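Participant: Build me a model:
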Amino acid sequence: FLFLVTNFNFILSNIIEEVRMEEIYKKYSKQLYRYLYSLSGNHELSEELMQETFYSAIKNINSFRGECSMYSWLCKIAKNKLKNHLIKNKKIKTIQFDDIISNQLIDANLEDDILSSNDIHNEIQKLDNITREVVLLRINGDLPFKKIGEILNKSEVWARTTFYRAKLKLKERLKNEKRM
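Facilitator: Predicted coordinates:
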């Protein structure tokens, strides 16, 4: 009888864990995909890495200590998956930009001058790595500053300040470029 109870408890805990992971997937999959896409600029790669991230999370769920949010933990796994992929394939990440960047980075008086996404892309690529990552997480990942800070092991204020400074720097560079 003890064997049956133990076996039943084991099966029940596995079912509960499976339901929990399904809920986590439903809650975070779209955000995680956007995060990966903001870093890679590649839809297929983002989808593949998202699946690998959830697989790793399921395998290692017991290592989640709750020191950060579940989403931040998943982003850290995803970022490592992407880094490993880039190292393995010796690829440099390329990001495709669309009009959303213009809307978020450029104020009304600059929008009157038609800025190409390529100009903006080039200027963002010139930013230092950490600043570029903040900008991309904010714009492509559509993440709040608090989440960006958690992902990068910094504060919300740091993320907000870094983005603001990057925005000013980009506005100035784009103004100067249009004058030339």
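Participant: Worst mean pLDDT across the helices and strands of this structure, which element?
Facilitator: Least confident helix or strand of the chain, by mean pLDDT, DSSP states H and E, is helix 108-111 with a mean of 36.
Participant: Now do the buried residues in the one helix or strand E123 maps to.
Facilitator: E123 is part of helix 117-125, with elements assigned from DSSP states H and E. For helix 117-125, a neighbour-count test (16 or more other C-beta atoms under 10 Å) marks 119-121, 123-124 as buried. Any C-beta I mention is one placed from the backbone N, CA and C, and that applies to glycine too.
Participant: what does stretch 121-140 give?
Facilitator: Those would be 121, 123-124, 127, 131-140, for stretch 121-140 by 16+ other C-beta under 10 Å.
Participant: quick one: which of those residues is nearest I148?
Facilitator: Set against I148, the nearest of the buried residues of stretch 121-140 by C-beta to C-beta is L137 (4.8 Å).
Participant: Could you report the distance from K126 to Y37?
Facilitator: 21 Å (C-beta to C-beta, to the nearest Å).
Participant: for E52, same thing?
Facilitator: 15 Å.
Participant: Please apply the same query to H43.
Facilitator: 7 Å.
Participant: out of these two, which sits in the more crowded spot?
Facilitator: Y37 (21 against 12; other C-beta atoms under 10 Å).
Participant: which SSE is the more buried one in?
Facilitator: Assigned by DSSP H and E, Y37 falls in helix 2-40.
Participant: And for K88?
Facilitator: helix 70-89.
Participant: centroid residue for the protein?
Facilitator: Y35 (2.5 Å; C-alpha atoms, centre = their mean).
Participant: Next one: that residue, what pLDDT does it get?
Facilitator: Y35 carries a pLDDT value of 84.
Participant: and what of T162?
Facilitator: 94.
Participant: was I right about it contacting R132?
Facilitator: No - the pair T162 / R132 is not scored as a contact, 10.1 Å apart, by C-beta atoms under 8 Å.
Participant: low-scoring stretches of the protein, by residue?
Facilitator: 1-19, 90-118, 141, 178-180 (pLDDT under 70).
Participant: Nice, that's everything, thank you.
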